[in-house]
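Colleague: coordinates only, sequence not included:
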């Protein structure tokens, strides 16, 4: 088993660079932390390239480690794990994972969530997790949306990215494909032409666009939709958080009967 006890080790320095999007994309790798996420990744068949653990990880998850290929293991010191961790309290295990190929052709069946310039990592992760829970077919992240391989998004998703496709693609191209296939595309906007979400009938296929926290969905995308929908506000709140709104709409639109 490989062992690294110094934070000055070249391999550790390279792993630490994965906290930055630039290096994640260059290396086509990302880092996940904590046994739950690593177990989810392994169960889903994600390509785990390294599993780093300290004494706590070795002790607490020894049974699981025995089921994994030993050539992936790197035993590290507490200091090394702390230098890689972005959590207040490191959880004893970190994995380096190969990014999946997101250039596969999109299967338009079922419900799809499209994110337009959604920048908050917690919102992005929560919406992906909710799409998973609601039974959607996948999520497409357009330009400007938070990187799903950042630590905050990964933790908010809680492994849902291993349960359904999460794809990065230009939304204009994707919306055109849905339109050509006669799949209804819904935008989210409060204007005179928009309709309350309760008026929308559930369907086997649809695409729902959620927009930026401040500006909403871009006008160029709203012009392409079949209908733009809104959630009526009953109280004094000015608006709903985008992730909460997405959850309400996904559960209403999704035909799970």
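Modeller: Great, that's in hand. A quick note: this is a predicted structure, and the numbers were derived from the prediction, not measured.

Colleague: going by C-alpha atoms from here, please, whenever you check contacts or count neighbours.
Modeller: Will do.

Colleague: for the stretch 1-150 of the chain, what spans make up the strands?
Modeller: Secondary structure of the stretch 1-150 of the chain (DSSP state E, counting those that start in this stretch): strands at 2-4, 29-33, 48-53, 73-76, 93-98, 111-115, 138-141.

Colleague: buried stuff in the shortest one?
Modeller: Same thing as strand 2-4. residue 4 (16 or more other Cα atoms under 10 Å).

Colleague: where do the helices sit along the stretch 151-257 of the chain?
Modeller: With DSSP state H, counting those that start in this stretch, the ranges of helices along the stretch 151-257 of the chain come out as 151-157, 171-180, 219-222, 242-253.

Colleague: which one of those helices is the most hemmed in?
Modeller: Stretch with highest mean neighbour count among the helices of the stretch 151-257 of the chain: helix 151-157 (a mean of 21; mean count of other Cα atoms under 10 Å).

Colleague: beta-bridge partners for residue 168, please?
Modeller: Following DSSP bridges, residue 168 is listed with bridge partners residue 141.

Colleague: verify the stated contact: it with residue 142.
Modeller: Yes. Judged on Cα atoms under 8 Å, residue 168 makes contact with residue 142 at a distance of 6.1 Å.

Colleague: just give the closest residue to residue 44, not the sequence neighbours.
Modeller: Nearest residue to residue 44 in three dimensions, chain neighbours excluded: residue 162, at 5.8 Å (Cα to Cα, 6 or more residues apart in numbering).

Colleague: next one: residue 73
Modeller: Spatial nearest neighbour of residue 73, chain neighbours left out: residue 51 (5.0 Å); criterion: Cα to Cα, 6+ apart.

Colleague: residues contacting the one you found?
Modeller: With contacts defined as Cα atoms under 8 Å, 6 or more residues apart in numbering, residue 51 is in contact with 72, 73, 74, 93, 94, 95, 96.

Colleague: not counting its neighbours along the chain, what's nearest the fifth one?
Modeller: So that's residue 94. Closest to residue 94 by Cα to Cα, 6+ apart is residue 33, at 4.4 Å.

Colleague: any idea how far that neighbour is from residue 187?
Modeller: Going from residue 33 to residue 187 by Cα to Cα, to the nearest Å gives 35 Å.

Colleague: and residue 39, by the same measure?
Modeller: Using Cα to Cα, we find residue 39 at a distance of 36 Å from residue 187.

Colleague: how far off centre is stretch 169-182?
Modeller: Centroid displacement of stretch 169-182 relative to its chain, using Cα atoms, centre = their mean, to the nearest Å, is 20 Å.

Colleague: same deal with stretch 101-110?
Modeller: Using Cα atoms, centre = their mean, the offset of stretch 101-110 from its chain centre is 15 Å.

Colleague: in that stretch, what counts as buried?
Modeller: Buried, per 16+ other Cα under 10 Å, within stretch 101-110: 108, 110.
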